[in-house]
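> From the sequence below, what's the structure:
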Amino acid sequence: MGLFDKIKKNNELTKSETVVNTIQESFGAADITFKFDQEQKVFMVPFQGDDLPIPVGIAVNDTVIHFRAHLALRANPQNFQKVLSEINGINKDLLYGSFSMDPEEGFIYFDYGFPYQEAKVSHEFFLSFLQMIVKTVDEHDGMLKEIAEATPREEYEAMYR
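As a prediction, the model looks like this:
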């Protein structure tokens, strides 16, 4: 019997409803405020970082818990290249997840997907993951805001001509 046969034999596949219930219980036990869209299976959770709010969306599908933390900033189009360069530098050093920027709107976010299908999602494990995601965003959002929202020098000087 191979490894995958043993896993399937020993573990029932985790159902998305079970994961949703675990997440709701985790938030309740930790006294975390959240909103939940039952139809989409999406949680919205507001956190406050050192300097900026960090709203986190958590979507649960049949195989993955998808975390998306939206940074409370928007890049000026003139700064897109600088922001993307900085994001690439950050991403190369991350052990999990990645920062991205919407190429049309300039919104920046952090994504991480956790495949749970053949794993048991505990309260402690889920909350630990969520804490790591919020800490990662909080560590980088201030610097990204400086780069993303900076007024390019030419634009600044043009105001005083």
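
> Please report how far residue 95 lies from residue 41.
27 Å (Cβ to Cβ, to the nearest Å). In this view, the C-beta of every residue, glycine as well, is placed from N, C-alpha and C.

> for residue 96, same thing?
Distance, residue 96 to residue 41, by Cβ to Cβ: 22 Å.

> Looking at those two, which is more packed in?
Neighbours were counted for residue 96 and for residue 41 using other Cβ atoms under 10 Å; residue 41 has more, 18 against 11.

> Bridged to the closest residue in space to that one that isn't next to it in sequence, which residues?
Nearest non-adjacent residue to residue 41, counting by Cβ to Cβ, 6 or more residues apart in numbering: residue 60, 4.5 Å away. Listed beta-bridge partners, residue 60: residue 65 (assigned using DSSP bridges).

> residues touching residue 60, list them.
Residue 60 is in contact with 16, 19, 20, 23, 41, 42, 43, 66, counting by Cβ atoms under 8 Å, 6 or more residues apart in numbering.

> 10 Å - rerun?
With contact set as Cβ atoms under 10 Å, 6 or more residues apart in numbering, residue 60 has these partners: 16-20, 22-23, 40-43, 66, 116, 121.

> Between the residues you listed, which sits nearest residue 137?
residue 66 (15.1 Å; Cβ to Cβ).

> circling back to that earlier point, now flag whichever of the contacts of residue 60 is closest to residue 140.
Nearest member of these to residue 140, counting by Cβ to Cβ, is residue 66, at 19.6 Å.
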